[in-house]
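Student: what follows is a predicted structure for the sequence shown.
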Amino acid sequence: MAVTIRDVAHACGVHVSTVSRTFSAPHMVNAETRTRVLAAAEELGYRPNRAARSLTTGRTGNLGLIVADLANPFFPPLIKAAQAAARGQDYHLFVADTDEDPAEEQDLVLAFSKQVDGIVLCSPRLSNKALGKLAEAIPFVLVNRRLRGVPTVVMDVAHGARTAMEHLTGLGHRRVALVSGPAGSWTSGEIRRAVTGMPGLETTVIGPNAPTEKGGIAAAEQVAAAGVTGVLAYNDLVAIGLIEGLEERGVRVPGDVSVIGIDDSITGRLHRPKLTTVAMPTADAGRMAVDLLVKSMSAATVLETHLVVRESTAPPKGLP
């Protein structure tokens, strides 16, 4: 027969309500008693009934994590770190993918709001107004998006983008392109604002583009026609697609054009040439977002980024 809360209470000589509080509100139980209850529960194999607990506490013990595209290698390290952080605080994590669709994003937040205690929303495509309304319905933390009054974890992509362009300048490039991301992407806007007007560079913006390998391939024709010698792409997938598209047109990377991605995903490390890229601390962002959500902290956290130089950048042709 299944072990009950009464069995645990009897085994450690406390009232049933004490066992209940140990699992639902551990801060209300003194450390010595809490340790005894947890040890007895572990020995007996007792697992609290989450559904029953939610009826008394009003909390589900579940969190939601919504990302723009599960197929994008940027997200798995973030998801795994968020899941570990949630599990470490006795929460389950439900994950969903919006497929870059703002309407689907809104539907998922509303659906999750009935099943979870809070949501981590990564790279959202909804407007600030829509996000503000949703924040009234359920607590959430934004990753890579700033919104007044909502806790956020932001990876400093603006600093990374400027560092990438400074790397190109240092190699001798003067005419460069920015292959931007989707129209609704806050990150794409941050990158564009960061690199526009940088001294010593003439920058052509090409986009918006799908944040995928196909998006990079589609942008290759415009990049080849722009007469640039260096490119910063919205992410690693776009950079890899761009390299494919350029090489199909006889444009060599980095011999004719240098290409930099953003993310430092596994795909960029495995690609040939190995991709120079801006490393984004995705795992740290996942952990911190869950911590902010569970602790109901109203904070804006900025995580550092840095450039990783590999094989896809070199001085422009004609320079030593």
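Tutor: Received the coordinates, thanks.

Student: so what's Val257 up against?
Tutor: By Cβ atoms under 8 Å, 6 or more residues apart in numbering, Val257 lies in contact with Val223, Val228, Thr229, Gly230, Val231, Leu246, Val251. Using the backbone N, CA and C atoms, a C-beta is placed for each residue, glycine as well.

Student: type out the PyMOL command that picks the buried ones from those.
Tutor: Buried residues among those (16 or more other Cβ atoms under 10 Å), as a PyMOL selection:
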select buried, resi 223+228+229+230+231+246+251
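
Student: just the closest of the contacts of Val257 to Arg287, please.
Tutor: Nearest to Arg287 among the contacts of Val257: Val231, at 32.1 Å, using Cβ to Cβ.

Student: out of the contacts of Val257, which sit inside helices?
Tutor: Of those, the ones assigned to helices by DSSP state H are Val223, Leu246.

Student: and the contacts of Val257, which is closest to Val143?
Tutor: The closest of the contacts of Val257, once distances to Val143 are taken by Cβ to Cβ, is Val231, at 26.0 Å.

Student: pLDDT score for the closest one?
Tutor: On pLDDT, Val231 comes in at 98.

Student: contact partners for it?
Tutor: If a contact means Cβ under 8 Å, 6+ apart, then Val231 has Val176, Ala177, Leu178, Val179, Val223, Ala239, Leu242, Val257, Ser258, Val259, Ile260 as its contacts.

Student: bridging residues for it?
Tutor: Ala177, Val259 (DSSP bridges).

Student: returning to what we had before: most surrounded residue in the contacts of Val231?
Tutor: Leu242 (32 neighbours; other Cβ atoms under 10 Å).

Student: can you tell me the closest non-neighbouring residue to it?
Tutor: The shortest distance from Leu242 to any non-neighbouring residue, by Cβ to Cβ, 6 or more residues apart in numbering, is to Gly216 (3.8 Å).

Student: burial of the one you found, as a residue count?
Tutor: 30.

Student: wait, a helix at it?
Tutor: Yes: looking at Gly216 with DSSP: H, G, I helix; E, B strand; the rest coil, it is inside a helix.

Student: if I look at it, how far off is Asn209?
Tutor: 7 Å (Cβ to Cβ, to the nearest Å).

Student: surely the residue nearest to Leu242 meets Glu247?
Tutor: No: counting by Cβ atoms under 8 Å, Gly216 sits too far from Glu247 to count as a contact (11.7 Å).
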